[in-house]
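**Student:** Output the structure for:
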Amino acid sequence: MRPDRLTGALTQFVSENLGIDYIEQKSFDIFQLYRETNPKTTVFFVLFPGVDPTPDVERIGRANGKAIAEGTFINISMGQGQETIALDQLGDAGKTGKWAMFQNVHLMEGWLKDFERKLEIVIELGVHPEFRCFISSEPPPLPDQEIIPESILQNSIKIANESP
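**Tutor:** A predicted model of the protein is given here:
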């Protein structure tokens, strides 16, 4: 067997015997994802190199009347100094029905417990029916590392959309 021909031969074999569905990944459909969301369920995007979920979230937001320019969609890239702003925006979005996207939360490991508690409070106090929360994070560098609180992961729709 020639290693340089093995991948192509396996692809052809699987395609002919099992079908093309086992070879080609279906494209990600943000509109299908939106139909599965609700105000109490966070959407959690796992980040991979070359993939940015922001344009997709903004596109579905515009289709539902949520846009940054109108102040109905909040997009915060997490980093130093954004902790308090993000928590305040989360509380406001939950009350007023805005959409909130918090990107790169893996950079704020210590802050995530505060975020987890604030999200619980927002939902417990009666969240607006139009509220949606989106989070993005890189996967942890080691399998045994736990950066994202368990309750956030358990109560989220998790999306791992790798680049083609």
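**Student:** When you work out contacts or count neighbours from here on, use the C-alpha atoms and nothing else.
**Tutor:** Fine.
**Student:** which residue is nearest the middle of this protein?
**Tutor:** Centroid-nearest residue in the chain, with CA atoms, centre = their mean: Phe45, separated by 2.4 Å.
**Student:** tell me the secondary structure for that residue?
**Tutor:** strand (DSSP: H, G, I helix; E, B strand; the rest coil).
**Student:** these two touch, right, it and Ile135?
**Tutor:** Yes: Phe45 lies in contact with Ile135 (CA atoms under 8 Å); the separation is 6.0 Å.
**Student:** A strand includes Lys158, no?
**Tutor:** Yes: Lys158 sits within a strand when classified using three-state DSSP.
**Student:** residues near Lys118, how many?
**Tutor:** Taking other CA atoms under 10 Å as the criterion, the count of residues near Lys118 is 16.
**Student:** ah, wrong one, I meant Gly65
**Tutor:** Gly65, neighbours per other CA under 10 Å, totals 11.
**Student:** what do you get for Phe134?
**Tutor:** For Phe134, using other CA under 10 Å, the count is 21.
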